[in-house]
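Asker: Give me coordinates for this.
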Amino acid sequence: MTALEFAQDNGGDVSLLGPKERHRLLQDWREIFAREVKAKTGKWVHLGYEWHAFSYQFTRSEGGARALSLYLEEAEREVYVIPEDDGERAFSCRSRALLDFSICRTDILVFPPALVWTAVFTHEQPEFGPYFSRAEW
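Answerer: From the prediction side, this is the model:
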């Protein structure tokens, strides 16, 4: 199941993002959450996955059940959802409660418009992920 299908099936009010907006939002996310990856490797993405910023500890984060709990406690209900797979559509999603994208078993970045935090779901859960980080950490 794609992230978009999951959001729609679970009551999310979604608006699709175009390729340019997706790219801009992803770059904005990288400048906050992958800053150390770029500083230490010269590239924004480490070993092919955005979430390696957290699994390789470039960026401070919580992982696993603690990460999911922190994410689900957030008050923000409007988020951007950007699957790492360019073949899947990125979208904004408004919902009564934040959605747990773990069931999708794919790599997904979730963050509010202000980029004050991010949750990252991975295809390797539960061994690796999800991850949660705050911009101010």
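
Asker: For residue 7, which residues are in contact?
Answerer: Neighbour list for residue 7: 14, 81, 91, 93, 95, 99 [criterion: CB atoms under 8 Å, 6 or more residues apart in numbering]. The C-beta positions use only the backbone N, C-alpha and C, and glycine is treated the same way.

Asker: Quick one: the helices in the chain, in order.
Answerer: When secondary structure is read from DSSP state H, the chain shows helices at 3-9, 19-33, 35-41, 52-55, 64-73.

Asker: quick one: which of these is nearest residue 85?
Answerer: Set against residue 85 and scored by CB to CB, these come closest in helix 3-9, at 9.4 Å.

Asker: CA atoms of that closest one as CSV?
Answerer: This file holds the C-alpha atoms of helix 3-9, laid out as CSV (Å, rounded to 0.1, in the frame of the first residue of the first chain):
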residue,chain,number,x,y,z
ALA,A,3,1.5,6.3,1.6
LEU,A,4,-1.1,8.1,-0.4
GLU,A,5,-3.5,5.2,-0.4
PHE,A,6,-2.9,4.7,3.3
ALA,A,7,-3.6,8.4,4.1
GLN,A,8,-6.8,8.4,2.0
ASP,A,9,-8.0,5.1,3.5
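
Asker: re earlier: just send the contacts of residue 7 back as JSON lines, with distance to residue 132 too.
Answerer: Formatted as JSON lines, the contacts of residue 7 follow (distance: CB to CB, whole Å):
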{"residue": "14", "distance to residue 132": "22"}
{"residue": "81", "distance to residue 132": "15"}
{"residue": "91", "distance to residue 132": "20"}
{"residue": "93", "distance to residue 132": "17"}
{"residue": "95", "distance to residue 132": "18"}
{"residue": "99", "distance to residue 132": "14"}
